[in-house]
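Q: Provided below are the primary sequence and the corresponding predicted coordinates.
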Amino acid sequence: MSTTTVETSADVTGQRPAAGPGKGRDRGRRGVLTSLASHGVLTAACLIALFPIAWLVYLSLGPDKDDYLHPGRIWSKMTFDNYSFVLQNTNFFDWLKSSLIVSLGTTVVGVLIAATTGYAVSRMRFPAYRKFMWVLLVTQMFPVAVLMVPMYQILSDLQLIDTYLGLILVYCSTAVPYCAWLLKGYFDTIPFEIDEAGRVDGLSPFGTFARLILPLAKPGLAVAAFYSFITAFGEVAFATTFLLDDEKYTLAVGLQSFVSEHDAQRNLMAATAVLIAIPVSAFFYLVQKNLVAGLTAGGTKG
């Protein structure tokens, strides 16, 4: 009579070597070290990024124009007199008004043109549509010094020298090509079926764009708006050339009034720079929710 030996799953499993007790602890230790290293690198990066801002604020509290040469002395004589002088004895509010008019105008006009351009290239297949986008990209290759003379001649012929509209159009020539490329990539990520659904519902192409596509493209529009605003708010060369009236100076141009041929009031410049950063920070706060999503989504297609 023969007997048959049957191996159960428990027996087979029991024959497998158990993991050593030290391996789990090693993995945990490596995980903790990796986390500490990552947090350390991020902390160092944050400190490096914040240091210039903190240093600028610190220098703005020094009462003398040469305090930047001896920064240690500022601590014992900090004052807000520089801010009071800038706000009360300069045309700061006129500069701020001009900067906001030009920056917001560039943002509205530039984003509107860039959005319609990006949508048209993303959805419509007209002759040479790819070359059209490359032409927009080529316009970014020319330096400011090359464009200054022809733009001045064009604005002079249109009687737009020393006007906000002329400066807005000049800034749009810089902001629109980049924003059109960015929004074209973002529109490519929106399913084409949404356009077809709008047509089925009886919407015109522009109605589909305005009522269905734009609400879905808020992150991309936020990035385009932020770029357009920053481009116009901090630009100096065009504003210096095309604005002649000191009451129409933007903040970036007004900041140069603290520098003369033989002198530079760096304490007032630092205080003005801190004040200039406030509107930009406020605008960034308004669009920050959509900013990260808009910066990354446009790179998935196109």
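A: Cool, the structure landed.
Q: residue ranges with poor pLDDT in this structure?
A: When residues are selected by pLDDT under 70, those of the chain lie in 1-30, 261-262, 290-302.
Q: which helices and strands does whichever helix in it runs longest pack with?
A: Using DSSP state H, we find that the single longest helix of the chain is helix 21-60. If you count contacts as 3 or more C-beta pairs under 8 Å, 6 or more residues apart in numbering; DSSP states H and E, helix 21-60 packs onto helix 266-297. Using the backbone N, CA and C atoms, a C-beta is placed for each residue, glycine as well.
Q: Run the chain-centre distance for the helix it packs on.
A: From the chain centre to the centre of helix 266-297 is a distance of 9 Å (C-alpha atoms, centre = their mean, to the nearest Å).
Q: ditto for stretch 196-208
A: So, by C-alpha atoms, centre = their mean, the centroid of stretch 196-208 is 32 Å from its chain's centroid.
Q: got the end-to-end distance for that stretch?
A: End-to-end distance of stretch 196-208 (C-alpha to C-alpha, to the nearest Å): 9 Å.
Q: what angle sits between the longest helix of the chain and helix 266-297?
A: Taking axes from the mean of the first three to the mean of the last three C-alpha atoms, to 10 degrees, helix 21-60 and helix 266-297 form an angle of 140 degrees between their directions.
Q: Specify the next element, helix or strand, located C-terminal of helix 21-60.
A: Per DSSP states H and E, the first helix or strand lying C-terminal to helix 21-60 is helix 81-89.
Q: So for that following helix, what gets flagged as buried?
A: N82, Y83, F85, V86 (16 or more other C-beta atoms under 10 Å).
Q: Would you check how far apart the residue nearest to A252 when sequence neighbours are not counted and H39 are?
A: Sequence neighbours aside, V236 is the residue nearest to A252 in space, at 4.6 Å (criterion: C-beta to C-beta, 6 or more residues apart in numbering). Between V236 and H39 the computed distance is 39 Å (C-beta to C-beta, to the nearest Å).
Q: okay, the two: which has more neighbours?
A: Legend: neighbour count by other C-beta atoms under 10 Å for V236 and H39, higher for V236 (14 against 10).
Q: Would you list the phi and psi of that one?
A: The phi and psi values for V236, taken as degrees, to the nearest 10, are phi -120, psi -50.
Q: what does A264 give?
A: The phi/psi pair for A264 (degrees, to the nearest 10) reads phi -150, psi 120.
Q: tally of neighbours for it?
A: A264 has 14 neighbours, counted by other C-beta under 10 Å.
Q: What separation do you get for it and Q256?
A: Distance, A264 to Q256, by C-beta to C-beta: 10 Å.
Q: One more: S99?
A: Counting by C-beta to C-beta, the gap from S99 to Q256 is 14 Å.
Q: So these two - more neighbours on which side?
A: S99 (24 against 13).
Q: which residues touch the more buried one?
A: A232, F233, T250, L251, A252, P279 (C-beta atoms under 8 Å, 6 or more residues apart in numbering).
Q: In which helix or strand does it reside?
A: Using DSSP H and E, S99 sits in helix 92-123.
Q: Output the contacting helices and strands for the helix or strand just after that helix.
A: From helix 92-123 onward toward the C-terminus, using DSSP H and E, the following helix or strand is helix 129-138. Secondary-structure packing of helix 129-138 (3+ C-beta pairs under 8 Å, 6+ apart): helix 92-123, helix 164-188.
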